[in-house]
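A.B. asks: just a sequence and a predicted model for now, questions to come.
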Amino acid sequence: MKIELISVIGLLLCLLIIGIEYILHYRLAELQDENTARTESIRRRLDIHVEGVLYAPTEGSRNAEIKALADEINGDFAVYEMAVKAIREHKGTAYRDDTEAQDRLIGRINEYVDPVGMYAKMLDEGDVYHKGYACRRLAQLNAFEYRDKIKECVGGKDRDLSYNAAMALCHMGDVYEVADYLLSIENDTLYSGRIVNEFFAQFSGDRRELAEKLFEKCNKYMKCTVIKTLAGYKIDAFRPMYIEGASGNDNQLKIACVKALSSFGYPEDEQILQIAAKDKDWVIRASAVRGLSLLKTSTALESVKHALSDKEWWVRQTAAQSITRMNISPRDLEEILGGYDRFAADAMKNVLYKTVDN
Amino acid sequence: MSFFNAIRSFIVVFNYFCMAFTLLLSIIYIIQLFVSLVRVHRNYNKTFSDDFHSYIDSDNLLPISLIIPAYNEQENIVQNIRSLMTINYPMFEIIVVNDGSTDKTGELVVEAFRMHKIETSIRYQIPTQKIEAVYYSKQYPNLLYVQKQNGGKSDALNAGINISRYPLFTCLDADSRIEKDALLRLSMEFIKDSRTVVSGGIVRIANGSKIVNGELKGFTMPKKLIERFQIVEYYRSFLMGRVFWSASNSLLIVSGAFGLFRKQTVIDVGGYKKNTIGEDMEIVVRIHRYMRKNHKKYRVKFNEFSICWTQGPMSLNDIRSQRRRWQIGLMDTLISHRGMTFNPRYGFVGMLSVPYNWIFELFGALVEAIGYVLIPFTLIMGELNMFFFVIYFLLAVSLGVILSEGSLVLEQYTHRAAMTAKQSIAISVYAVLENFGYRQLITLFRVEGILKYRKLRKTWGKIKRKEFEQ
């Protein structure tokens, strides 16, 4: 009888849970319907206001429309973002494709709406997720007065909040804080090196200063990552360091430095790249070949041609792609395609086939 | 004791075993549900501040090769490629691998995208059947079409891996659609946690949903009952099970329809296993095995916000074939990696995840099916108290409803489905109804899979699906 009693109690408990689940489900579904209806209604009204703002015949009427739009937004950041998106994506006005004009118009709307105040409130009162969101938005709005508050978030315990706050400071071009953040994560193996690349890509300040700050204290892994990242920005001041690294014995550093040097395309680096093109590491060889192809000298062309028969396919492929950008004569091309070196011919054919139409 | 009495005692004991088994499984499922609720709630909040959108135009995302193995997919293939070309991702290539189709799959792709044959060198890092030709189009530089001899889905995937250029690849079914942001979300798992080797997305049933260029545009309730039941079933399976197992890094399956893999890891483990119909599960288990054996740090993740749509089977025959295959795939993988079972060397995967799959996912179907026969039999014999039987039955059904309804709440919470409140509540009725007939039928199909394991383990069934609504 005991088991049966327990079963009955269990059953009643289950029914209670099911009841709660149904109520929850129904409430969520209802909320969703309400939300959908509300969003649709706001969108319709916003469209009218946005069109009013965009097509206003006089500045006076535009001001009136802007005020009406601000009333519609009424301090709700979601509505504000919808309005901004609508203005940016609106087709068929003078503002279309004119980002500067759009920015000016949004600036005027901001005077009435005060989005900085909205996001600042979110930064003060929100949970870690809202705080992270607010940090990024404030940075986009260039709200430098909130820099200190954002800095506080970088030092927080939540990993995502720290990341978002650091990214916000990155938009604001804060060298010291961004460098400190990157140094703080240099041993965090969870983050891929691409995070560092993204920080440099989004950084609005002086990248050279940021890199120098990092080089002062960072470990070897971070140094190599930063050098690889900087390759795309061609900062001349670091060339001596790249030359030293490319001639050194540290393989990881060598890979990074050859990649960075290759991006310059300076004739005076040819000798270093020629040596690198014969390195035992294929990653270095491939980077050097890419660099040599920018030089377009006869000696560089010879090295790239030689790389077409490299034992590593990636180097062959890189050489074949690079050589088409150099001044290769039809005779040389014929020689490669019809030659005995099948590696070279295959790599070349692959590139050539992709350059022709059907 | 007479023979009859011995049988009788055995049946009674087995009945109690069945009941205990069902209750234990339900408790495990309920734990999974609660863990998933917490995880999904956290992840949902996280998506608010998530910055993945800021990466849309970034050069710093890892480029991805989308591999589509196609065998007689003339109905869907061109439409699917066009849909994939609109996804939000800065750098990707689409590789369609025609695995010796006997229909017009190849001709349609070549014609639709004005492709021409090219010569290319292929690195056979994983051995595959011979690749006969590679096609390319200057107009669509990120599309490659590969014609190869028939060798099965795994072989086609391996050929795609060999020819791919990028460090990440995803295998996509030719009859599925991924949402625009799906790849972006999945690839962030690799950027923000460099240990990630596999990341799976959620597969949702598209029956009734209108999907245009990877975006959900509306929902009408599917006409057939089994389609409605499958909607509930998929929510339960993905939102509950996979979220739970990925939380402990012991997820054993990433759906064959949509998963993102680190290419080098897959090459290191030898690529997809041929001659198995559960290649999607097998590769993930092999990755777990390889990484743990070699003491490498790794993560197998699941992102419940990264969505892939697939057409569920619409006839009983097709669903039977599908579930049989799933069960055979599961059995094949577990047998191949039986050495991991209760092996502490494989940590949580060996001690919990693999045994769970043996006991509850594989043999669970058998126990359930035997229970369906023996319990009423015992009742007729008078060995079981009628009151107790009814209570037990209602309890089992209620536990099932709790799980299904819980998954629907999760779905409502996370994805804000295109369903209206009315439709959403209507779907929840099927969370109850599925316990009366559908669930039992699925169990029988699974048992059939186990019983026909030897005969069917190498046959790849084809399910008839309708085109996506445009």
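C.D. replies: That came through, no problem.

A.B. asks: when you work out contacts or count neighbours from here on, use the C-alpha atoms and nothing else.
C.D. replies: OK.

A.B. asks: once you drop chain neighbours, what's closest to A:V113?
C.D. replies: Nearest non-adjacent residue to A:V113, counting by C-alpha to C-alpha, 6 or more residues apart in numbering or on different chains: A:A70, 5.4 Å away.

A.B. asks: helix or strand: which one has the one you found?
C.D. replies: Counting by DSSP states H and E, the element that carries A:A70 is helix A:59-73.

A.B. asks: for that helix, name the packing helices and strands.
C.D. replies: When contacts are defined as 3 or more C-alpha pairs under 8 Å, 6 or more residues apart in numbering or on different chains; DSSP states H and E, helix A:59-73 packs onto helix A:2-55, helix A:99-113.

A.B. asks: where along the stretch 101-250 of chain A do the helices fall?
C.D. replies: Ranges of helices within the stretch 101-250 of chain A are A:115-125, A:128-140, A:147-154, A:159-171, A:175-184, A:193-202, A:207-217, A:220-230, A:239-247, based on DSSP state H, counting those that start in this stretch.

A.B. asks: these into a markdown table, with extra columns for distance to A:A345?
C.D. replies: What follows is the helices of the stretch 101-250 of chain A, written out as a markdown table (distance: least, C-alpha to C-alpha, whole Å):
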| stretch | distance to A:A345 |
| --- | --- |
| helix A:115-125 | 60 |
| helix A:128-140 | 51 |
| helix A:147-154 | 54 |
| helix A:159-171 | 47 |
| helix A:175-184 | 45 |
| helix A:193-202 | 35 |
| helix A:207-217 | 42 |
| helix A:220-230 | 31 |
| helix A:239-247 | 30 |
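
A.B. asks: buried residues, stretch B:200-217. List them.
C.D. replies: Within stretch B:200-217, the residues that count as buried by 16 or more other C-alpha atoms under 10 Å in any protein chain shown are B:200-211, B:213-216.

A.B. asks: circling back: now do the buried residues in the helix holding A:A70.
C.D. replies: For helix A:59-73, the neighbour count (16+ other C-alpha under 10 Å) marks A:62-63, A:65-70, A:72-73 as buried.

A.B. asks: what's the closest of these to chain B?
C.D. replies: The closest of the buried residues of helix A:59-73 to chain B turns out to be A:I73 (C-alpha to the nearest C-alpha; 20.1 Å).

A.B. asks: how many residues are close by A:E4?
C.D. replies: By other C-alpha atoms under 10 Å in any protein chain shown, 15 other residues sit near A:E4.

A.B. asks: who are the contact partners of residue 248?
C.D. replies: You didn't pick a chain, so chain A it is. Contacts for A:G248 (C-alpha atoms under 8 Å, 6 or more residues apart in numbering or on different chains) come out as A:K254.

A.B. asks: hm, I was asking about chain B
C.D. replies: Taking C-alpha under 8 Å, 6+ apart, one finds B:F348 in contact with B:S248.

A.B. asks: and it, backbone torsions?
C.D. replies: Note on B:S248: its backbone torsions stand at phi -110, psi 20 [degrees, to the nearest 10].

A.B. asks: quick one: it from A:E125, how far?
C.D. replies: 33 Å (C-alpha to C-alpha, to the nearest Å).

A.B. asks: quick revisit: closest one to chain B among the helices of the stretch 101-250 of chain A?
C.D. replies: helix A:128-140 (4.7 Å).

A.B. asks: can that closest one be found next to chain B?
C.D. replies: Yes - contact of helix A:128-140 with chain B (C-alpha under 8 Å from any C-alpha of the partner chain) involves A:129-130, A:132-133.

A.B. asks: Three-state assignment for the closest residue to chain A within the stretch 51-200 of chain B, please.
C.D. replies: Nearest residue of the stretch 51-200 of chain B to chain A: B:D193, at 4.3 Å (C-alpha to the nearest C-alpha). Under DSSP: H, G, I helix; E, B strand; the rest coil, B:D193 falls in the coil class.

A.B. asks: against which helices or strands is the helix or strand hosting B:I267 packed?
C.D. replies: Using DSSP H and E, B:I267 falls within helix B:263-268. Packing partners of helix B:263-268 (3+ C-alpha pairs under 8 Å, 6+ apart): helix B:279-293.

A.B. asks: okay, now the domains of chain A?
C.D. replies: Domain ranges of chain A: A:179-233, A:238-358, per automatic domain parsing.

A.B. asks: low pLDDT regions in the chain?
C.D. replies: Since you didn't name a chain, this refers to chain A. The model of chain A has pLDDT under 70 over residues A:1, A:92, A:341-343, A:354-358.

A.B. asks: looking at chain B here, not the other one
C.D. replies: By pLDDT under 70, the low-scoring segments of chain B are B:1, B:415-418, B:458-470.

A.B. asks: how about a cut-off of 50?
C.D. replies: In the predicted model of chain B, residues B:470 satisfy pLDDT under 50.

A.B. asks: give me the longest helix you can find in chain B.
C.D. replies: The longest helix of chain B (DSSP state H) is helix B:3-49.

A.B. asks: with only the CA atoms kept, save the next helix or strand along the chain from that one in CSV.
C.D. replies: Per DSSP H and E, the first helix or strand lying C-terminal to helix B:3-49 is strand B:64-70. This file holds the C-alpha atoms of strand B:64-70, laid out as CSV (Å, rounded to 0.1, in the frame of the first residue of the first chain):
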residue,chain,number,x,y,z
ILE,B,64,34.4,28.1,-43.3
SER,B,65,34.0,25.4,-45.9
LEU,B,66,30.4,24.4,-46.3
ILE,B,67,30.3,20.8,-47.5
ILE,B,68,27.1,19.5,-49.0
PRO,B,69,27.2,15.8,-49.8
ALA,B,70,24.5,15.1,-52.5
